[in-house]
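In: Okay, structure incoming, though there's no sequence with it:
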Ligand code: GDP
């Protein structure tokens, strides 16, 4: 997912370019908005964390781009491409290093396992099926 900060700052095209040039195939993509309710459901695992309310407010503050990406070893490779959650700790050249401003407004989301990738694909794309 390209988060509201990166979409709002005009970085969508540059981030998609990085994704494609690093060997990921886009198999589904949409430009949409999360409500507080859907952002809360997406980040349900963080519901008890102190930053949950701020995270939901941020994630529902503007448009996002959701995508399903395909590649061998996609989860691990995408997390390498995006860099650490906190952009101050993200390796030079990673998407968060290049485009993120803070630990919360950190430009992109990447699934943390194949299992969660399947759940998140279905969250955005009803009955998502691999082409
Ligand atoms: P990710 O897998 O790298 O996105 O990181 P997490 O799953 O740990 O956190 C989910 C999202 O919550 C992050 O991408 C940030 O947008 C936000 N977040 C994580 N940690 C913090 C924090 O300490 N403070 C705030 N405000 N937001 C955070």
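Out: Now that the structure is in, tell me what you want to look at. Just so you know, these numbers come straight off a predicted model, no measurement behind them.

In: and this protein, which residues reach the ligand?
Out: 46, 51, 54-55, 85, 103-104, 106, 109, 112 (Cβ under 6 Å from any ligand atom). (Glycine included, C-beta is placed from N, CA and C.)

In: One more pass at 8 Å, please.
Out: 3, 43, 45-46, 49-51, 54-55, 58-59, 79, 82, 84-86, 102-106, 109-110, 112 (Cβ under 8 Å from any ligand atom).

In: From residue 66, how far off is the residue lying closest to residue 20 once chain neighbours are set aside?
Out: Ranked by Cβ to Cβ, 6 or more residues apart in numbering and with sequence neighbours excluded, the top spatial neighbour of residue 20 is residue 26, at 7.1 Å. Taking Cβ to Cβ, to the nearest Å as the measure, residue 26 falls 11 Å from residue 66.

In: repeat for residue 9
Out: Residue 9 is 18 Å from residue 66, by Cβ to Cβ.
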